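take this sequence and fold it.
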Amino acid sequence: MPTLFDPIQLGAIQASNRILMAPLTRGRSTREHVPTPVMAEYYAQRASAGLIISEATGITRQGLGWPYAPGIWNQAQVDAWRPVTEAVHKAGGRIVMQLWHMGRLVHSSFLGGETPVSSVAVAAPAKAHTYAGKQPYDTPRALRANEIPALLEDYRVAARNAMAAGFDGVQVHAANGYLIDQFLRDNTNTRDDAYGGSIANRVRLLTEVTQAVCDTAGADRTSVRLSPNGFVQGVDDSDPEALFSTAAAALCGLGIAFLEIREPFEDSTFVKTVVPLTAPSIKRAFRGPLVLNSDYDGKSGQAMLDSGVADAIAFGRPFISNPDLPARLQADKPLAKDEMATWYSQGPQGYTDYSVAA
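You can find the predicted model right below:
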């Protein structure tokens, strides 16, 4: 069985180890969603990851509703991302961009008062993060079927821009209650057209978006993130194993480089010897590399590789405060703790000022 420290081929990308950096929203861009120079230092510090998956990056202004998060829809953003990828490559790393459309989780204040879009016209629970503080989510409008070709073009443009900015590939964000996930799950998709109803119909937008991205960036440089993780940001499904196995099989048919799934363990206390519920079914349906994510440490991550369910592990929060995470895990050194107060703050504090282990 491979170890976390063995290389792995992820489509066209040769990863030096099986410790991936999961996407982490950090809020260090400008209000115009343009990356800033400190982001190059941050990502380069973490280049020892087998592969970095960038923070979620908005494909359009319509799809981005997080303060100071980056975008990839205009030339200024492309130009500002290029030093980031150059810094990672100079440090010997590889990095792909995660493409993001938040759907109904975009507050109208980000859209000049326009109504956000979703699978159906039902507001998300809780409140949105905005520049003016937390505000109730708007009731979205249902995305019309005749608008979907334009959405697919938005993804093509974003993938093209990401590759022009020097990324090694792209990841379609289809998880965590955002637009594609709103179409996937039956509690947020009650449509009666070709994009709603049956599992096959609810998977349709995911496959069409992924195909559009594959056509642009190459299937061997395209990955997808799913989250068969129960209720999250207002989305849930009555039969997640059937849904996500079907989605995995469809993605396998497209020949994507790898599939990443975020699935917490069933026990809320995180019994780390238990395999996540749907991962074995997804592994059977998806014949390419499968990457698992959610609160793993070195021991539990290796156990998933040993089980044959996972081919690699994506670590999120540990990479915030441990830029040299692969070396720390290999040497079994203690991990530094991160500061939640600086997760989304601007500037270098809690971002680029974590040290490497002695």
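
please, which helix or strand holds residue 157?
helix 148-164 (DSSP states H and E).

what's the next secondary structure element after the longest strand along the chain?
Longest strand in the chain, counting residues (DSSP state E): strand 51-58. Note on strand 51-58: by DSSP H and E, the next helix or strand toward the C-terminus is helix 75-90.

what residue is smack in the middle of this structure?
The centre of the chain sits closest to residue 173, judged by C-alpha atoms, centre = their mean, with a distance of 4.6 Å.

wait, that one sits on residue 23?
Yes - assessed by C-beta atoms under 8 Å, residue 173 is found in contact with residue 23 at 7.4 Å. (Glycine included, C-beta is placed from N, CA and C.)

now the helices for the protein?
With DSSP state H as the criterion, the chain has helices at 38-45, 75-90, 148-164, 179-184, 199-202, 204-217, 240-254, 279-285, 298-307, 317-321, 325-331.

and the ones you listed, which is most packed in?
helix 179-184 (a mean of 28; mean count of other C-beta atoms under 10 Å).

and that helix, what does it pack against?
Judged by 3 or more C-beta pairs under 8 Å, 6 or more residues apart in numbering; DSSP states H and E, helix 179-184 is in contact with strand 117-118, helix 204-217.

now that helix - C-alpha only, CSV.
The C-alpha trace of helix 179-184 is given here as CSV (Å, rounded to 0.1, in the frame of the first residue of the first chain):
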residue,chain,number,x,y,z
LEU,A,179,-24.8,26.4,-7.0
ILE,A,180,-24.1,23.0,-8.4
ASP,A,181,-24.8,21.3,-5.1
GLN,A,182,-28.1,23.2,-5.0
PHE,A,183,-29.0,21.4,-8.2
LEU,A,184,-27.7,18.0,-7.0
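
so which of the helices of the chain gets nearest residue 106?
helix 179-184 (9.0 Å; C-beta to C-beta).

hmm, who's touching the closest one?
With C-beta atoms under 8 Å, 6 or more residues apart in numbering as the contact definition, helix 179-184 has outside contacts at 63, 101-104, 117-119, 172-175, 188-189, 195-196, 202-206, 209, 226-227, 232, 235, 237, 243, 247.

what number of residues lie near the residue nearest to residue 330 when sequence neighbours are not counted?
In this structure, residue 330 finds its nearest non-sequential neighbour in residue 5, 5.4 Å apart by C-beta to C-beta, 6 or more residues apart in numbering. Burial of residue 5 is recorded as 16 neighbouring residues (other C-beta atoms under 10 Å).

ok, residue 5 - contacts?
17, 18, 19, 326, 329, 330.

likewise for residue 225?
If a contact means C-beta under 8 Å, 6+ apart, then residue 225 has 23, 53, 98, 171, 172, 173, 174, 175, 260, 261, 262 as its contacts.

what's the burial count for the spatially closest residue to residue 264 that is not a sequence neighbour?
If the residues on either side of it in the chain are set aside, residue 264 comes closest to residue 294, at 4.7 Å by C-beta to C-beta, 6+ apart. Residue 294 is flanked by 18 other residues according to other C-beta under 10 Å.
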